[in-house]
Structures are given as C-alpha cells and as structure tokens.
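> please work out how this folds:
(chains A and B)
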Amino acid sequence: MATMHTPQIVETNHPGHWKKSVKTGLKYIPLLILIFFFTFPLVFMIVSSFKRDNLQIFADLRSMRAFLPVGELTLDNYRAVFINSNFPRYLMNSIGLTIVTILLAMLVNSMAAYALSRLKWRGQKLALSVIIATLIIPGQAVIMPMLLLVASLPAISFEGGVIALTQGWLDTYYVQVIPFVTSAFSIFLFYQFFQDIPKELDEAALVDGANRFQIYYRIIVPMSGPVFASVAILTFISSWNAFLWPIMTVQSDNLRPVMVGLLFFFQRDVQWAEVMAYTTMITIPVLLFFFLFQSAFVKSVATSGLKG
Amino acid sequence: MTAPTVPIEKSEGKPKKERQIIVGLLMAAPAFLLMILFLVTPFFGGIYFSFTNQRLIAATETEVVGFRNYTRLLSLSVLPLEPVVDETTGQPVLDETGELTYPRSREITRDEENYPQYAGLTEWFTFDVGDTRYVVLAGDPNFYRSIVNNFFFAIVVIPLQTGLALLLALLVNQGLRGQTFFRTMYFAPVVTSMVVVSIVWKFLYDPNNGLINEMISTLTFGAVGPINWLGNPSIAMWAIIIMSVWQGVGMQMMLFIAGLQQIPGSLYEATSIDGANTWQEFRHITLPGLRNVMVFIFLTITIAAFQLFDQVFVMTNGGPDNATTTTVFHMYREGFREQKIGYASAIAVIFFLIIVGINLIQRYAVKEKEA
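Numbers count the residues shown, from 1 in each chain, chains lettered A, B, ... in the order given. Sure, this is the predicted structure:
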C-alpha cells in the first residue's frame, strides 16, 4: 500500500514542472472536443444565416468554412425574414404573451402558496395534497379535452370599439395565456420557499398592525427573490417555446407566436440561410439571457425535471 | 390541524380568524379556479370522453360507446396462415424469388362472414415459424407501433444519456480552471427551443446537403456513404435519439455535478489513505453517493421519453412508415387532425397510466433500497 503513494510524492518533487502542465493540458482535450460536439449545430446555424444562399452554404459544407463566417456575407436573410414573413408580429406576440404569462404566474401562484403556507383556513391541508397530487398529470394528458373546453368558453371581444360576448377562446390571445398561468409545480416551489421564512416575522408584523395581505407583499415577496426568479425562468422557457397548443388553437397568422410562425416560414421557404436567420433571432436572446443569469437558469431548469 | 390555534384566536375574538379565512380563500382563489378549469375539468372530462365518440366539431350527437375506444386501441390477435397450395399439383406456389406465398391477411380480416373474430383488425407485423406465417393483428397497429417506439427510445436513451451525463459531470468537476465555462457550453442546448433544434438538425441530417453526412464522409475518407437519416425507417428513430441526447444531456450533467459536490471529500481522503485506485474510488464512493440523483434522473428521462413529440412533429411527421410515431404524436393525429377527441382521450388515459406506472416503479425502487 505504501508503494502506491511513492509515484505521487516523486511527481510533486520532480524538478521539471512541465510534465505536470502537459498532463493538465491533456485533460482539456476531451473538454474541447465536447465543446465542438455541443456547439457545432448552433455555430453552424449562426454562421449560415449570414451566407448568401443555399449554394454557398452547400459549397462550404465540405470544409471548416461551414463553421466560419467567410465568403460573401450578407444581412439580406435577416431583411428577408422581416419582409417576407410576419416575423415582427410573431415576435411581438411572443414577447407580449410571455411577459403577461410570467407576471400572472408569479402573482397567482405566489398568492396561493402564501395562503397555503401562512393562513389557516378549512380544507387547507387537503388543497395542498391535491396540488401535489396533480404534479403527476402531464400537460399532454389533458390537452385533447382542453381543446374542446376552450372552444366552448365564453369570451369578450372588442370589435370595432364594440364590446361583445362571444363563444369560444379559439384564435385569441387569452387561449395562449390563461391556461398556463397556474402550475402546481410553481405553487409547490413557492410553498417550499415560504415555509422556510420564519413565522416570527409575520407575528411581529401582525403586532405592528399589518394585515395578512400586507404581510404578503411587504415581507414575504421582498424576501423571496430567488423563488420568483425560478418561476419566472421556468414560465419564460415554456411560454417562449409554446408550440403544440398554439398550433391547435390559433389559426390567424396575426396571433401566432414565434415557434409556430417558424414552422410556417420553414414549410413555405427552404431558403436555409433565411430559416437560419429566423432561428438565430429567436435563439440568441435566450442564450444571452442564459449566459447572463447562468446559475439561476441552471438551478431552476434542473429542479423542473418532474414538471409535465 | 387548526386545533392548537383555536384557543388563542378565540380569546382575541372571532372576527380576526374569520378575516384570515376570507383573505386566505381570496388569495388562493385565482390559482384554484384556474386549476379546476384547466387541469381538473379536462382531466376528468378526458376520462369521460374516452368512453364516448366525441368529435372536435360535432356533426352528430355524441354517444356513450362504452369500452369501444379501448377495445379498438388494445385488441390484439394472431392469425396463422398456411402457404398457398396449387390445387391441381398439391405443390406450394412459389413466387419469383422461390419463396413460399401466403394469402393476404386483408382477405381474411375483411371476410366478416367466415372470420368474425378477425373483423376490424389490421396487420401489425408477421413472423414465420416453419412454413406457417403468423400475422399479428391489432385494432390500431399504429398505437402499438407508437408504444413500441416510445419503449425503444426509452431503452436506448436512458443508459446513453445517463452514462454520457455522468461522464461529462466527472470531466467538468476535476477542479480544472475554466470548468464553469465548459459546463455552460454543454448546457446551452438545453435552453434552446426544441423546435429550433429540430429544424437545425433536420438540415444537418439532410441526405444530400447535410453537414453530418459531410463530416462522416470526411472522417472516413468517403468510406461511409450518404446516410438517409430521417428517410430510412430503421435509422430515423436513431437520428431522433442522437439529437435528443445532444439537446438534453446537459441537464442531467448539472444534476450529477450537484450530486458529486454533495459527496463529502473526507470519504475520498479516507480511501486514498487505504490505497484505493481511481476506479475503486468511483465504484465504492462516487456511484453509491450518486444513487438518489441517479434514481431521479432515470425517472425524469423515462417520463420525457414517453412525452416525445416536438422532434417527431417537426422532423419526420411520424414517418417513414410510422417508424417514429410516438404515443403523444398518435394522440395529436387522432384528436386534432382526425378530430376524434373521444378516441384521442382514450390514448391520453393510457398515456397517463403509463406515466403513473413509471412513477410507482420509481417510488418502489427507492423504498426497496432504503429498506
């Protein structure tokens, strides 16, 4: 056993450090190969979006040029996406829908979690266990009956300045927001976080004359930044990537979100450079967000594994 | 539950407690109403619809049809076929390649008079035992195909993705300088939309002008010819698997890193004093230390495998020959394209039961090991 240690000791006392640095350097080789493996499709996407046309992209495939911004580069593809498709509208739709869903999700779920964690009311324990039980239902399992349901819900429309009551949520903005506001998983995240905030704080505030709602927004909310960030990130990812649901519920081109718009743009047009310009524009902002708030992103996405 | 607080609250007067109930209910109400409307109602509604012939746009009155949807989904039967024999010579009839010929299964399944037991069934696949050909018939062969495809996907992806994730985690947890950068890069595909990823990879997989075929051809000096990744029924699912692992593995890597960091360093110190080598350390400290993470990862990958949809929708549309049809895709096709909500709801119920089953197996596995 003692002999097994000798090489280590010898190595650390070795006059030449270079051997050790070569060894460390070698450890980077697999890491760099893996960097290529994980990023080549994205690099290829971005680089191709600046190339002139299909012919140039195809010609560059046979060499490293596929990954390099070389040759005749152009912004025409980006211009084409804006002009030849309804992209600006899709983009505004997705940004608006995502922001509204995030804000409502943070408010509605955190209030429910506060009521479950802090207030005493009949049926509270039961409500909590029902919410936890629903975590097992994957969203896809209820999507078909939900389609039928939203088609028959009453809606308010403003057409030509007249407010009218119509039937059916199909082809609206709310069908893309309201069903996705509450999530058992978000309530559960908030609940867990709130349980760790000392109850003495509430009691002190009560003595000072604060009411229950004031405790929620003056004490609990300001102390819960991390969990609000997690719920915001998770809601952001699912709203921004919304795909199957809007395909089924939205027919008007003007109401489509970016992912559905992409599908139609892609089907109509196989100018790869333009398709890559489109995908680059809807991917880069998300990746930048991710690079900026990396640890929060990783933490929230990794905990969401069980979400349907 | 509320008992301990009652005496205190009582002494302070009732209004305060009642107010708390009202505030509590008001704050919880929006979430609960939305959950009842958009989760509980469709969930139970779906169970009810699965026993009806409900359509998306109802042309006729919806009827309760009992277990008909389930019978059609699940019914299976085996039809043995004998080779065709020439009536005059008594010799079997051979085709141009010298193989035995068999009657077509369609002729029998459509012959309700003579073979009522096979009515309404269609061929799923066949296998031969001796000279007899057995035709496996199903009420909805595409449903079974989709279930088999999901299982195949799961069986390949679970070890592949878990193993690769563990390897990545070990590589970027050695204490090397800049390892956070490497982790971030490996995780980047996870935050990229699956629709975007599927479209980019569809281009990469292109048989004529695809980057992947070009890279393979360069690396093998042209020995491996162009592969029809998405057009060949026996390769298409592999193409989707490779892409899905590429997209998702960063997530499990992060979970493993978190798991590795929770193993106390003192354990490693103790074994290195005992003279254990790297493999022994890995086998006796690292792996057992990651057990809980591993169970969680198995569960999440399995559930994700059964939810497979976006990739199939964008890249193959279930094809070729239903080689990449999945349960959720089949449900979408029946419910939305064919507008058969009742039938799609029955698929959804079975899909839900599979997910519950996976959860129960996982829970059981955790308990067994803890005991």
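> got the end-to-end distance for stretch A:175-189?
The first residue of stretch A:175-189 is 25 Å away from its last residue (CA to CA, to the nearest Å).
> how about that stretch and chain B, touching?
Yes: for a cut-off given as CB under 8 Å from any CB of the partner chain, stretch A:175-189 has contacts with chain B, namely A:Ile178, A:Pro179, A:Val181, A:Thr182, A:Ala184, A:Ile187. For glycine as for every other residue, the C-beta is placed from the backbone atoms N, C-alpha and C.
> do stretch A:260-273 as well
Yes: interface with chain B: stretch A:260-273 contributes A:Leu262, A:Leu263, A:Phe266, A:Trp272 (CB under 8 Å from any CB).
> in helices only, show me the residues you listed.
Judged by DSSP state H, the subset of those located in helices is A:Leu262, A:Leu263, A:Phe266, A:Trp272.
> ok, and the most crowded of the residues you listed?
In terms of neighbours by other CB atoms under 10 Å in any protein chain shown, those top out with A:Leu262 at 26 neighbours.
> next, count neighbours for the closest residue to it other than its chain neighbours.
Among residues not flanking A:Leu262 along the chain, A:Tyr278 sits closest, at 5.8 Å (CB to CB, 6 or more residues apart in numbering or on different chains). Neighbours of A:Tyr278 under the rule other CB under 10 Å: 26.
> most centrally placed residue in the chain?
Using chain A. By CA atoms, centre = their mean, the mean C-alpha position of chain A lies nearest to A:Ile237, the distance being 1.2 Å.
> please go with chain B instead
In chain B, the residue lying closest to the centroid (CA atoms, centre = their mean) is B:Phe306, at 1.7 Å.
> show me what contacts it?
B:Phe306 sits next to B:Asn150, B:Ala154, B:Thr326, B:Thr327, B:Val328, B:Phe351, B:Ile354, B:Ile355, B:Ile358 when contact means CB atoms under 8 Å, 6 or more residues apart in numbering or on different chains.
> one more: B:Met253?
B:Ala165, B:Leu168, B:Ala169, B:Val172, B:Arg183, B:Tyr186, B:Phe187.
> same deal with A:Phe40?
Here A:Phe40 is in contact with A:Phe67, B:Leu211 (CB under 8 Å, 6+ apart).
> can you give me the strands in the stretch 101-250 of chain A?
For the stretch 101-250 of chain A, the strands defined by DSSP state E, counting those that start in this stretch cover A:154-159, A:162-167.
> with chain B instead?
Per DSSP state E, chain B carries strands over the ranges B:76-81, B:122-129, B:132-138.
> domain parsing of chain B, as residue ranges.
By the assignment in automatic domain parsing, chain B contains the domains B:3-49, B:76-138, B:142-370.
> that older thread, most neighbours, which of the residues of stretch A:175-189 next to chain B?
In terms of neighbours by other CB under 10 Å, the residues of stretch A:175-189 next to chain B top out with A:Ile187 at 31 neighbours.
> quick one: low-confidence parts of the stretch 201-308 of chain A?
For the stretch 201-308 of chain A, the stretches flagged by pLDDT under 70 are A:268-269, A:304-308.
> can you give me the helices in it?
A:212-215, A:221-223, A:225-240, A:244-249, A:258-268, A:272-292, A:294-303 (DSSP state H, counting those that start in this stretch).
> tell me how far the fifth one is from the chain's mean position?
Remark: helix A:258-268 is offset 19 Å from the chain centroid, using CA atoms, centre = their mean, to the nearest Å.
> got the angle for that helix vs helix A:272-292?
160 degrees (axes from the mean of the first three to the mean of the last three CA atoms, to 10 degrees).
> list the helices and strands helix A:258-268 packs on?
helix A:87-118, helix A:244-249, helix A:272-292, helix B:194-204 (3 or more CB pairs under 8 Å, 6 or more residues apart in numbering or on different chains; DSSP states H and E).
> do that again at 6 Å, thanks
Secondary-structure packing of helix A:258-268 (3 or more CB pairs under 6 Å, 6 or more residues apart in numbering or on different chains; DSSP states H and E): helix A:87-118, helix A:272-292.
> closest one to chain A among the strands of chain B?
Nearest to chain A among the strands of chain B is strand B:132-138 (21.5 Å), distances taken as CB to the nearest CB.
> ok, now which ones touch residue 232?
You didn't say which chain, so I picked chain A. By CB atoms under 6 Å, 6 or more residues apart in numbering or on different chains, the contact set of A:Ala232 is A:Ile102.
> low-confidence ranges in the stretch 151-300 of chain B?
Scanning the stretch 151-300 of chain B residue by residue, none of them satisfies pLDDT under 70.
> the nearest residue to B:Gln252 once chain neighbours are set aside: how many residues sit nearby?
Among residues not flanking B:Gln252 along the chain, B:Ala165 sits closest, at 3.5 Å (CB to CB, 6+ apart). The number of residues packed near B:Ala165 is 25, by other CB under 10 Å.
> for B:Gln91, same thing?
Residues lying near B:Gln91 (other CB under 10 Å) number 8.
> what's the answer for A:Gly209, then?
A count of nearby residues for A:Gly209, using other CB under 10 Å, gives 7.
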